[in-house]
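>>> Here is a sequence together with a model predicted from it:
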Amino acid sequence: MKRIKARSYFVEFKQKGFSKLEKLIENNDYSSVFILVDSNTLEYCVPLFKNKIIQSLKFQILSVSPGEEFKTITSCQKIWQSLSDKGADKKSLIINLGGGVITDMGGFIASTYKRGIEFVNVPTTLLSMVDASIGGKTGIDFGDIKNQIGLISDPILVIIESDFLKTLSHKEYRSGYSEMLKHGLISDKDYWNTLSDFLKKDNKDILPFIHKSIEIKNKVVLKDPFEKNERKILNFGHTIGHAIESYFIKSNHLEKLSHGEAIAIGMIVEASISVDNYSLKQSDADEIKDIFDSIFSKIKIDVLDQKKIISIIKFDKKIVMEILILFYSNQLVFP
């Protein structure tokens, strides 16, 4: 699998990526190496990671609780304190091994500790492989709003190893699949059509599609790394989707939504808004809805839920995106 050149780093695939990591550590003479995980990654992914690298590599584990609800400044403070207690300095390296919460928060922790130390992303979920670990966005949630605090800071290497997908639940796999469908919607109709015929988790040919999604996102990011213009299209579905996701987490709602489920709802709703306000055809919006309905279970959002979700949207850092939904409808790849 051919590596992908991002802004200041490479995305490497399979064993070549781990070989690059070994050379990186050997050549940079790091004073210490830390691996940031959550308790799930520690149990299911660290053993696989160990099997992929040289056995002599010495590293220390930093662990946080799993879940978006722990993507907070409090979790960061605990890791900063651990780094300080363990003597981490400017020549230390952090390897973020996990899903989107770990790569988002780990990148933020590394970029702010000692005014910035180097970090590597090794995503273990489909979502983090095709989205969170790519593009340089780091950050944490604040209050009811996702990713309110953060910065754009590139890793020095990203390693994509599809073997980690074997550790995923079907729910988490679908969460990442939703973002891949988004890439098709905003960029490549043939890709959308292919993914519309759902590729199951055990599909051995998923890696080329992961590669394709990374290429699509990377192409957009290279043109607009700081999200001033074109990169905003990657937020299709996210203004509404993030508000839904935040509400369901903060309200301890009986339904537990994954990121991908929330974004799928956001894409359906924003496509409908585009029909009402701009040039997207009703038949295209119906197709978007039908495809997501065929992959995800329906989620009931009552009137009271809707009002509270709308109140969250008002404080979203991407509120301007509501206006740009009109822009999105011209960018969707439907003819």
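Alright, I've got the coordinates.
>>> Next, the buried residues of stretch 141-151.
Applying a neighbour-count criterion of 16 or more other C-beta atoms under 10 Å, the buried positions in stretch 141-151 are 141, 144-147, 149-150. For every residue, glycine as well, the C-beta is placed using N, CA and C.
>>> How about stretch 15-23?
Buried residues in stretch 15-23 (16+ other C-beta under 10 Å): 17-18, 20-21.
>>> Which of the helices or strands spans the residue in the chain sticking out farthest from the centre?
Using C-alpha atoms, centre = their mean, the residue of the chain lying farthest from its centre is S56. It sits 30.7 Å away. Following DSSP states H and E, there is no helix or strand that holds S56.
>>> so what's it up against?
S56 makes contact with no residue, according to C-beta atoms under 8 Å, 6 or more residues apart in numbering.
>>> Could you save the buried residues of stretch 15-23 as JSON lines and add columns showing pLDDT?
Formatted as JSON lines, these follow (pLDDT from 0 to 100):
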{"residue": "G17", "pLDDT": "97"}
{"residue": "F18", "pLDDT": "96"}
{"residue": "K20", "pLDDT": "96"}
{"residue": "L21", "pLDDT": "96"}
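>>> Same list (those) but as CSV, adding distance to K281 and secondary structure.
CSV is the format used below for the buried residues of stretch 15-23 (distance: C-beta to C-beta, whole Å; DSSP: H, G, I helix; E, B strand; the rest coil):
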residue, distance to K281, secondary structure
G17, 42, helix
F18, 46, helix
K20, 45, helix
L21, 47, helix
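>>> which of those residues lies closest to S279?
Set against S279, the nearest of these by C-beta to C-beta is G17 (42.2 Å).
>>> Excluding sequence neighbours, find me the nearest residue to the closest one.
I159 (3.3 Å; C-beta to C-beta, 6 or more residues apart in numbering).
>>> Please confirm that the one you found is located within a strand.
Yes - per DSSP: H, G, I helix; E, B strand; the rest coil, I159 lies within a strand segment.
>>> so what pLDDT did it get?
Looking at I159, its pLDDT reads 98.
>>> Would you confirm that it contacts M129?
No - look at I159 against M129 with C-beta atoms under 8 Å: they stay out of range, at 9.8 Å.
>>> Between these two, which is the more surrounded one?
A side-by-side neighbour count of I159 and M129, using other C-beta atoms under 10 Å, places M129 first with 33 against 28.
>>> distance of the residue nearest to K52 when sequence neighbours are not counted from L304?
Residue nearest to K52 in three dimensions, not counting chain neighbours: F18, with 4.5 Å by C-beta to C-beta, 6+ apart. Going from F18 to L304 by C-beta to C-beta, to the nearest Å gives 49 Å.
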